[in-house]
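*Asks:* coordinates only, sequence not included:
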């Protein structure tokens, strides 16, 4: 669940999607759906088909419905009331969100120039929310029908593409504990702390998630369907895997080679053979410019979906999953942030993208209780995200994430991961 941004998930603004119809909608679900539909809105998301289904209005069908003159008169009256209320709101909201954008540009410029960022560089009042009458439904409009959706690719698709495109079948762990031990070893080697790894795992996977968990399919329930291609302990999208291989592939290969040198035969030969395949995948992922939009396009191809199967391999998957977090740690260090990121801060960078997340976590703690979360959102995202509206300052948003982590890092899966450290 890397980003809430438009085309470059590492820097930019946040947006979100309509709330799905589910009784268990919570902070994690809000972030997950926010990722999918935001990227789809820019036309650059590998999970575009599902996002379109959620965000698009229903298609019209059939002839207009019969309607009486009094019904139409009532509709026109309510439409006029709505239009007047909406115009008043738009005037106020437009000015507010223009100020949000201007302040964000100022903060970015000051950080580039190594100048301090203070409260003056944030909008310190909460955004206006529309509280007028809803837009009435035209009684003469055709009866809407649901637009059919195309299902997202799932694990069987990733495996099929990996086999067909790269002649690769991931080595699945004998059990969940084996993968957790490999993950813990990779996380420690990368410099992540146990607290960061376990609490982020709890938040992303629900505290009991398996190495092959896919977003939307966490529970074995009738008619469950994937809500994105996010996979594993840290929920990598296909485009995340492509980007990680393009940017971190050589480093991951070197780490795998060092591990191979410690193994006896035939384990060493088997890992070296996999490394050869990873080389081919890295070459493919580096075949386009190093931009998020280019990586998204590769993710939509059979080869792109094939590389996603690496997350299921007990030797390679842990390195991919931990590097997703490590890139945020390195980003903060490169920006001069030397304090150890808390798990909630790391998760915020992981979810919102490093640029936006760093904007939040690098502010003084005293400001966190004052700065509205709207400073980090696009208008569309904020107005449709109940989590951001409810937790309307940075401190509250981080606290809500911490509360979720407290609960889910106490579950058996998270305790097993902690023990693996």
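*Replies:* That came through, no problem. Not measured: the values here are computed from a predicted model.
*Asks:* Okay, and residue 417 sits in which element?
*Replies:* If you go by DSSP states H and E, residue 417 is part of helix 412-420.
*Asks:* now for that helix, which elements pack on it?
*Replies:* Packing partners of helix 412-420 (3 or more C-beta pairs under 8 Å, 6 or more residues apart in numbering; DSSP states H and E): helix 176-190, helix 194-205. Placement of C-beta: from N, CA and C, glycine included.
*Asks:* Repeat the analysis, applying 10 Å as the threshold.
*Replies:* Judged by 3 or more C-beta pairs under 10 Å, 6 or more residues apart in numbering; DSSP states H and E, helix 412-420 is in contact with helix 176-190, helix 194-205, helix 394-408.
*Asks:* roughly how far apart are the residue sitting furthest away from the middle of the chain and residue 136?
*Replies:* Taking C-alpha atoms, centre = their mean, the residue of the chain most remote from its mean C-alpha position is residue 69, at 48.7 Å. From residue 69 across to residue 136, the span is 16 Å (C-beta to C-beta, to the nearest Å).
*Asks:* again with residue 181
*Replies:* Separation of residue 181 from residue 136 (C-beta to C-beta) stands at 59 Å.
*Asks:* Between those two, tell me which one has more neighbours.
*Replies:* Each of residue 181 and residue 136 has its neighbours counted (other C-beta atoms under 10 Å); residue 181 has more, 18 against 15.
*Asks:* Do I have it right that the more buried one meets residue 314?
*Replies:* Yes: the pair residue 181 / residue 314 is scored as a contact, 9.4 Å apart, by C-beta atoms under 10 Å.
*Asks:* Find the residues that touch each one of these two.
*Replies:* Common neighbours of residue 181 and residue 314, using C-beta atoms under 10 Å, 6 or more residues apart in numbering, are residue 173.
*Asks:* Return the distance of the biggest helix by length in the chain from the chain's centre.
*Replies:* The longest helix of the chain (DSSP state H) is helix 69-112. Here helix 69-112 is found 27 Å from its chain centre; the criterion is C-alpha atoms, centre = their mean, to the nearest Å.
*Asks:* partners of the helix or strand following it, with directions?
*Replies:* Following helix 69-112 in sequence order, the next helix or strand is strand 142-145 (DSSP H and E). Paired strands of strand 142-145, with direction, are strand 59-64 (antiparallel) (DSSP bridges).
*Asks:* Quick check: mean pLDDT of the strand it pairs with?
*Replies:* The average pLDDT within strand 59-64 is 54.
*Asks:* repeat for stretch 211-218
*Replies:* For stretch 211-218, mean pLDDT is 90.
*Asks:* Buried residues, that stretch. List them.
*Replies:* 211, 212, 213, 214, 215, 216, 217 (16 or more other C-beta atoms under 10 Å).
*Asks:* which of the residues you listed sit farthest apart?
*Replies:* Greatest spatial distance among these (C-beta to C-beta): 211 and 216, at 16.6 Å.
*Asks:* Flag the shaky bits of this structure, pLDDT-wise.
*Replies:* Along the chain, segments meeting pLDDT under 70 span 1-65.
*Asks:* Please parse it into its domains.
*Replies:* What automatic domain parsing lists as the domains of the chain is 1-56+152-421, 63-146.
*Asks:* Deepest-packed of the ones you listed, please.
*Replies:* For the domains of the chain, the largest average neighbour count (mean count of other C-beta atoms under 10 Å) is found in domain 1-56+152-421, namely a mean of 20.
*Asks:* So what's the gap between it and the chain middle?
*Replies:* Put simply, domain 1-56+152-421 sits 7 Å off its chain's centre (C-alpha atoms, centre = their mean).
*Asks:* Helices of the stretch 151-300 of the chain, start to end?
*Replies:* Using DSSP state H, counting those that start in this stretch, the helices assigned to the stretch 151-300 of the chain run over residues 155-166, 176-190, 194-205, 238-260, 267-285, 292-299.
*Asks:* Repeat that for the stretch 301-421 of the chain.
*Replies:* Counting by DSSP H, counting those that start in this stretch, the stretch 301-421 of the chain has helices at residues 302-307, 317-334, 343-352, 354-361, 365-368, 379-383, 386-390, 394-408, 412-420.
*Asks:* what's the angle from the longest one to helix 343-352?
*Replies:* What it means is helix 317-334. Counting by axes from the mean of the first three to the mean of the last three C-alpha atoms, to 10 degrees, helix 317-334 lies at 100 degrees to helix 343-352.
*Asks:* and helix 317-334, what does it pack onto?
*Replies:* Judged by 3+ C-beta pairs under 10 Å, 6+ apart, helix 317-334 is in contact with helix 176-190, helix 194-205, helix 238-260, helix 343-352, helix 354-361.
*Asks:* would TSV of these with distance to residue 118 be doable?
*Replies:* Shown next, in TSV, are those (distance: least, C-beta to C-beta, whole Å):
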stretch	distance to residue 118
helix 176-190	34
helix 194-205	29
helix 238-260	33
helix 343-352	20
helix 354-361	13
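*Asks:* Select, out of those, the one closest to residue 337.
*Replies:* For residue 337, the closest of the helices and strands packed on helix 317-334 is helix 354-361, at 7.1 Å, according to C-beta to C-beta.
*Asks:* between the closest one and helix 394-408, how big is the angle?
*Replies:* Angle, helix 354-361 to helix 394-408, by the same axes, to 10 degrees: 100 degrees.
*Asks:* Distance-wise, check residue 375 relative to residue 335.
*Replies:* Applying C-beta to C-beta, the value for residue 375 to residue 335 is 18 Å.
*Asks:* likewise residue 383?
*Replies:* 30 Å.
*Asks:* Residue 343 is in contact with residue 408, isn't it?
*Replies:* No: counting by C-beta under 10 Å, residue 343 does not reach residue 408; the two are 11.2 Å apart.
*Asks:* Might you report the residue contacts of residue 90?
*Replies:* Applying C-beta under 10 Å, 6+ apart to residue 90 gives the contacts 128, 130.
*Asks:* Quick check: the gap between it and residue 130.
*Replies:* Counting by C-beta to C-beta - residue 90 and residue 130 are separated by 9 Å.
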